[in-house]
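[1] Quick one, what's the 3D model for this:
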Amino acid sequence: MGLCDDSHFLWMLVWEKAHHGDKAGRPGAMIDLVKLIVQRLARFPYFRLPYFGVTQPFVLYLDSRFCSIEALELINGKNMYMVGSNSVSRRPTKLWPYLKQDLEKREWRTVFWEDQNAVVCVVRAKKRAYVNLVSNYVGDHPQTITHIRRKHPRSSYKVATPQVQKEYNLHKNNVDLFNKMILAYRQRTNYVSEGQVLLHFFVNATLVNAFIWFKRAHNPGLSHLNFRLQLLVSLKKVLFPQASLVRAPQPGSNNHAVRPLSANEKLIRKCPVRACQRHPWRFCVGCGKVLCSDCYDRLHSQYFGAE
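    Now for the predicted structure:
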């Protein structure tokens, strides 16, 4: 679950594992999953947010893997809403070629489906790219949106687009952004229990939601990483008020220590000090060198005062 804005939440519905074979061999697999979700949500007519005083209807945003005319009929029959991007291979197959015929770039054509109180819309987004949209939640009224050119100079320009496309792109992109934020701080290990994985997910989801609220209310230019760093500093002040934020003093130059030799260091047969032919067996952490005992004692007593 992620935050869309101050009053709308969204869920991300994903397969537990790859089902590409089911999609190709049995298109009804997607409908079965949508049917299961709708049946569970139908027990609650609205999604209530008691802490915010908001009552939100269920609106499902489906991509081309899950969306179809069958899914629209199923969702509309349960008094829910849907905004989806449909595939040309799904019903009605004869309608899509008619809707996209002779369309120019940034034009669209819509058919109203009275039985389902829905619109079936085809938008020509690029030279040869068409977007098929189905919704019983919003219409095709023109909306003005701002685009940014990908090539230099990255200037902005305004274009007209149907409301159903703007609605779908807005929430689809929010899902993608929320998913990227979750994956950026995901626990990458195979030795974490299922309960810990769920805990990490919900903690990260809470932080993402808090970041969206804080960014909109206080600092629009704040990055996700800087928000987490600021949050850690604030939590440290609250949880550990006695701890000092000043860095611990670094050891002085005369605090050189000896550590055991590594396997490669044991192969060194000659002390690096000039005119010394002894076998080295002391590695000084401060100097970063392997020295014999005489050179180690002489150099440290001369330069650092060590005995």
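
[2] who are the neighbours in contact with Arg278?
    Contacts here follow C-beta atoms under 8 Å, 6 or more residues apart in numbering; on that basis Arg278 touches Lys270, Cys271, Cys292, Ser293, Asp294, Cys295. Backbone N, C-alpha and C define where each C-beta goes, glycine included.

[3] for those residues, which one is nearest Arg282?
    The nearest member of those to Arg282, counting by C-beta to C-beta, is Ser293 at 6.1 Å.

[4] how close does the closest residue to that closest one other than its chain neighbours get to Ala125?
    Of all residues not flanking Ser293 in the chain, Arg282 sits nearest, at 6.1 Å (C-beta to C-beta, 6 or more residues apart in numbering). Distance, Arg282 to Ala125, by C-beta to C-beta, to the nearest Å: 70 Å.

[5] now Lys105
    8 Å.

[6] do Asn179 as well
    22 Å.

[7] same for the helix or strand in which Phe214 is found, what does it pack against?
    Secondary structure from DSSP states H and E places Phe214 in helix 194-217. Here helix 194-217 touches strand 2-3, helix 163-184, helix 224-239, going by 3 or more C-beta pairs under 8 Å, 6 or more residues apart in numbering; DSSP states H and E.

[8] domain parsing for the protein?
    2-188, 258-303 (automatic domain parsing).

[9] residue ranges with poor pLDDT in this structure?
    Residues of the chain meeting the criterion pLDDT under 70: 1-28, 45-56, 187-192, 243-257, 301-307.

[10] Helices of that one, start to end?
    Remark: helices assigned in the chain by DSSP state H are 20-25, 28-41, 69-77, 95-99, 163-184, 194-217, 224-239, 293-303.

[11] For Arg228, see how far away Trp108 is.
    41 Å.

[12] Of these two, which one has the most company?
    Trp108 (22 against 16; other C-beta atoms under 10 Å).

[13] Tell me which residue lies farthest from the centre of this structure.
    Most distant from the centre of the chain: Ala275, at 60.6 Å, with distances by C-alpha atoms, centre = their mean.

[14] Look up how far Cys295 lies from that residue.
    10 Å.

[15] now swap in Val59 and tell me
    76 Å.

[16] same question, Ile69
    Distance from Ile69 to Cys295, by C-beta to C-beta: 84 Å.

[17] Tell me which of Arg282 and Ala125 has more neighbours.
    Arg282 (18 against 13).

[18] Pull the contacting residues for that one.
    Counted by C-beta under 8 Å, 6+ apart, Arg282 has contacts Val258, Val290, Leu291, Cys292, Ser293, Tyr296.

[19] Can you tell me which of those residues is closest to Phe201?
    Closest to Phe201, out of all of the contacts of Arg282 and judged by C-beta to C-beta, is Val258, at 46.4 Å.

[20] Let me know how buried Gln165 is, in neighbour terms.
    For Gln165, the neighbour count with other C-beta under 10 Å is 22.

[21] give me the beta-bridge partners of the residue lying closest to it once chain neighbours are set aside?
    With sequence-adjacent residues excluded and distances taken as C-beta to C-beta, 6+ apart, Gln165 is closest to Val123, at 5.3 Å. Beta-bridge pairing for Val123 (DSSP bridges): Trp108, Val131.

[22] can you pull the contacts of Leu291?
    Applying C-beta under 8 Å, 6+ apart, the residues near Leu291 are Cys271, Pro272, Val273, Pro280, Arg282, Phe283, Cys284, Leu299.

[23] Just give me the closest of these to Val119.
    Of all the contacts of Leu291, Val119 sits closest to Phe283, with 74.9 Å by C-beta to C-beta.

[24] distance of that closest one from Gln163?
    From Phe283 to Gln163 the distance is 70 Å (C-beta to C-beta).

[25] can you check Asn264 too?
    As judged by C-beta to C-beta, Asn264 and Gln163 stand 67 Å apart.

[26] again, but for Asp115
    Asp115 sits 21 Å away from Gln163, going by C-beta to C-beta.

[27] With Pro97 instead?
    Taking C-beta to C-beta, one finds Pro97 at 24 Å from Gln163.

[28] With neighbour numbers in mind, choose between the two.
    Neighbours per residue (other C-beta under 10 Å) separate Pro97 from Gln163, with Gln163 holding more: 18 against 10.

[29] Run through the residues that contact the more buried one.
    Val138, Gly139, Asp140, His141, Pro142, Gln143 are the contacts of Gln163 under C-beta under 8 Å, 6+ apart.

[30] Mind doing that once more with 7 Å?
    Counting by C-beta atoms under 7 Å, 6 or more residues apart in numbering, Gln163 touches Val138, Gly139, Asp140, His141, Gln143.
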